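>>> test case, fold it:
(one chain, ligands or ions: 1)
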Amino acid sequence: MTTAPTLQFLGAAGTVTGSRYLVDTGGVKVLVDAGMFQGDRALRERNFAPFPVPASEIAAIVLTHGHFDHAGYIPKLVKDGFRGPVFGTEWTGRIAELVLMDSGKIQELEAKRAARSGRKPLRPALYNTVDAARAVLQFRQVPGGTDFPVAPGITGHLRPAGHILGSASVELKLEESGRTVVFSGDLGRNNHPILLPPVAPPDCDAMVVESTYGDREHQDETQALQRLASAVRNTIARGGTVVIPSFAVDRTEVVLRQLGDLMVNGAIPKTPIYVDGKMAVGVLHLYRQAMAKGLPEIRPFAVGQDFFNQAGQLHIVKSPEQREQLRRTNGVIIVASSGMVSGGAVVGHLVSRIADPRNTVVLSGYQGAGTSGRKLAEGSHKVWLDGRQLDVGAQIVSVGFSAHADSPELLKWLGSGKAGVTYAVHGEPRQSEALARKVRTSLKRRSVVPAYQQKVEIGRGHGPVQVQTGLS
Ligand SMILES: [Zn+2]
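From the prediction side, this is the model:
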C-alpha cells in the first residue's frame, strides 16, 4: 500500500515570517524554504524550539528566494545534521549567501557583547559565520523553467516570481502518487520597476500561496512617488537631510531607481545620495551584475542600464570615517538598512538626525509591530535608538513601496492555473482569511488557512485530514 504524500506547515501560517513547508512522500522528506521567525518574542521563540523532524532526515531544501524569513534557518539545520542539497536559482544563492553570512556575524557580535558585559545571553546563538559558510557550500544552482531532480521520486521546477532578484515559485511533482504541489513563494507586483511580473503557475493538486496583502489593494504608486518627491524637495529647501530606512534586498534598488527618475525629470533637485550598509551595498552590486547580464527576469528596458545612478549622484559609504563625515553633512539623502529601523547602519544615522526638525525620515515599506520604525510611523514623539530614548523632531513620511502582489494581483495569478486546494499562508490571519474567502467566491475553489504545524494530505480535492497540536 502506498502512503499518501503530506504537506506540513511549519511556519508562515497565520504570520508573515518563518516560511517552512515540509513535503513527505512517505519515504522522502523535502523542505520548501527554511526561514527564520521574526517579530514579537513569542514568534522568535519558535526559532529555538526543536525542529519537528530530525534535520538529518530532510533529503533536500528548495528555496523560493533569499530573504531571511525564507532562508535564515538553513545554517541551524546544517548545524543539526542536514547534509542534503539546497536548490535555488543562481541569484537566490548569491543573495542568500550575503543574508546568511550577515546573520551569522550579527549573532557572533551579540554573543561577544554579552560575554564582555558578563551577562548570560537570553538565548545562545543559533549559528555563527562558520555554520553559515558551511550551509552555503550545500547550495546547488538550478535554472528556472526546467525540471530538475530534487530527491528520489520528487522533481522540481522553478518559475520567476518577480518579488526580488532570483525569486521563484516552486513546483514539486511527486512521482509515485502523481500529485503536484506548488508554492508561490513571495509574489512580486506587476509594476516592479526592474523585474518582470510573476510567471503563471501550472495546474496542481495543492497550491500554497502567500497572502501578505490578501485583503488589500495597493495605492496608486504615483501618489507614493509624489509624497517622496515633496518630502525631498521640502527637506533640501530647508537645509535638512532625508534619511530613508530601507530593506537591504530589493527596496534599496527600487528607492534608488525612483530617486533617479525624480531627479532626471526635474521633480526633485539633484542631491547626493549615500547608500550605507554592507549587505545593501553587496545586494546592489548583484542587481547591477544581473542587469548588465540581461537575465530573463529583468525588464527588457532595464537590461544594460545603470538605473541606480541615473543622475550621477550615487555614493557608497565605504568606511567608518566616511560615515562619520556624512553625519556632519546636510542637504543629502541617506538610504540605509534596516527598513524597520530594527538595526543596521540606519540606526547611527537616525541617532544624529532624528531630533532636528529640518530633517525628514521617509519610511519606505511595512513596519512590523514592536519596531522603532512602527513607533515612528505611528507618530511617537520619542523613540529608542541604540539603547537611548531620543526626541523625534524630524518630519516622518510614509511612502508605500511594496514588493508583494496585492489582492487583485494574487487572484489573477491564482486564476491563471488550476488548483485542487489552495492554502493561504504568509499573512496575518485577517489577510490570509480574506484571500481564502476570495479564492472560494471568485475562483470557486476549495481554499483554507492552515494552522501552524498542521499537516494535510496532498490529494486532488482533499482538505485537511489531520491536525497536529501541542508541539509548542
Ligand atoms: Zn520575500
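>>> contact residues of the stretch 101-250 of the chain facing the ion?
residue 186 (CB under 5 Å from the ion). For glycine as for every other residue, the C-beta is placed from the backbone atoms N, C-alpha and C.
>>> what about the residue lying closest to residue 186 once chain neighbours are set aside, neighbour count?
Nearest residue to residue 186, sequence neighbours excluded (CB to CB, 6 or more residues apart in numbering): residue 163, at 4.2 Å. When neighbours are counted by other CB atoms under 10 Å, residue 163 registers 28.
>>> for the stretch 201-350 of the chain, which segments count as strands?
Counting by DSSP state E, counting those that start in this stretch, one finds strands in the stretch 201-350 of the chain at the ranges 204-210, 242-245, 273-276, 314-316, 333-336.
>>> can you give me the helices in the stretch 251-400 of the chain?
With DSSP state H, counting those that start in this stretch, the ranges of helices along the stretch 251-400 of the chain come out as 251-264, 278-293, 320-327, 345-353, 372-377.
>>> tell me which of these lies nearest to the ion.
Closest to the ion of the helices of the stretch 251-400 of the chain, according to CB to the ion: helix 251-264, at 10.7 Å.
>>> which residues touch that closest one?
For helix 251-264, contacts defined as CB atoms under 8 Å, 6 or more residues apart in numbering pick out 192-194, 225, 228-229, 232, 244, 246, 268-271, 273, 275, 277, 280, 283-284, 287, 307-311, 313-314, 333, 335, 337, 339, 364-365, 401, 403.
>>> only whichever of these are buried, select them in ChimeraX.
This is the ChimeraX syntax for the buried subset of the contacts of helix 251-264, where burial follows 16 or more other CB atoms under 10 Å:
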select :192,193,194,225,228,229,232,244,246,268,271,273,275,277,280,283,284,287,307,308,310,311,313,314,333,335,337,339,364,365,401,403
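>>> residue ranges of each domain in the chain, please.
6-216+403-466, 221-398 (automatic domain parsing).
>>> want to throw those domains into JSON lines with mean pLDDT?
Below are these laid out as JSON lines (pLDDT from 0 to 100):
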{"stretch": "domain 6-216+403-466", "mean pLDDT": "93"}
{"stretch": "domain 221-398", "mean pLDDT": "93"}
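>>> hey, which of these is tucked in deepest?
Stretch with highest mean neighbour count among these: domain 6-216+403-466 (a mean of 20; mean count of other CB atoms under 10 Å).
>>> can I get stretch 333-340 in PDB, CA atoms only?
Extracted as PDB, the C-alpha positions of stretch 333-340 are listed here (Å, rounded to 0.1, in the frame of the first residue of the first chain):
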ATOM      1  CA  ILE A 333      19.800  61.800   1.000                       C
ATOM      2  CA  ILE A 334      20.900  58.700   3.000                       C
ATOM      3  CA  VAL A 335      19.500  55.300   2.100                       C
ATOM      4  CA  ALA A 336      20.400  52.700   4.800                       C
ATOM      5  CA  SER A 337      19.200  49.400   6.100                       C
ATOM      6  CA  SER A 338      17.300  48.100   8.000                       C
ATOM      7  CA  GLY A 339      13.900  49.100   6.700                       C
ATOM      8  CA  MET A 340      12.200  48.900  10.000                       C
END
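>>> and it, how far from the chain's centre?
16 Å (CA atoms, centre = their mean, to the nearest Å).
>>> same thing with stretch 170-185?
For stretch 170-185, the distance to the chain centre is 23 Å (CA atoms, centre = their mean).
>>> tell me the span between the first and last residue of stretch 173-181.
Length of stretch 173-181, first residue to last, CA to CA, to the nearest Å: 7 Å.
>>> contacts for it?
2, 4-5, 7, 23, 25-26, 147, 153-157, 171-172, 202-208, 458-460.
>>> now for the residue nearest to residue 186: which residues touch it?
65, 185, 186, 187, 188, 195, 198, 250, 403, 404.
>>> touching stretch 328-338 from outside, list them.
So stretch 328-338 is contacted by 232, 236, 239-248, 252, 255-256, 259, 271-277, 279-280, 326, 344-346, 349, 358 (CB under 8 Å, 6+ apart).
>>> how about the helices of the stretch 251-400 of the chain in a markdown table, adding distance to residue 139?
Shown next, in a markdown table, are these (distance: least, CB to CB, whole Å):
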| stretch | distance to residue 139 |
| --- | --- |
| helix 251-264 | 22 |
| helix 278-293 | 15 |
| helix 320-327 | 32 |
| helix 345-353 | 27 |
| helix 372-377 | 31 |
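>>> next, see if stretch 20-38 gets close to the ion.
No - if you take CB under 5 Å from the ion as the test, stretch 20-38 misses the ion, and the best it gets is 8.9 Å.
>>> what angle separates whichever strand or helix holds residue 170 from strand 204-210?
Assigned by DSSP states H and E, residue 170 falls within strand 168-174. Orientation check (axes from the mean of the first three to the mean of the last three CA atoms, to 10 degrees): strand 168-174 against strand 204-210 gives 150 degrees.
>>> beyond strand 168-174, next helix or strand please.
Note on strand 168-174: by DSSP H and E, the next helix or strand toward the C-terminus is strand 179-183.
>>> each with direction, which strands does that next one pair with?
Applying DSSP bridges to the sheet, strand 179-183 is found paired with strand 168-174 (antiparallel), strand 204-210 (parallel).
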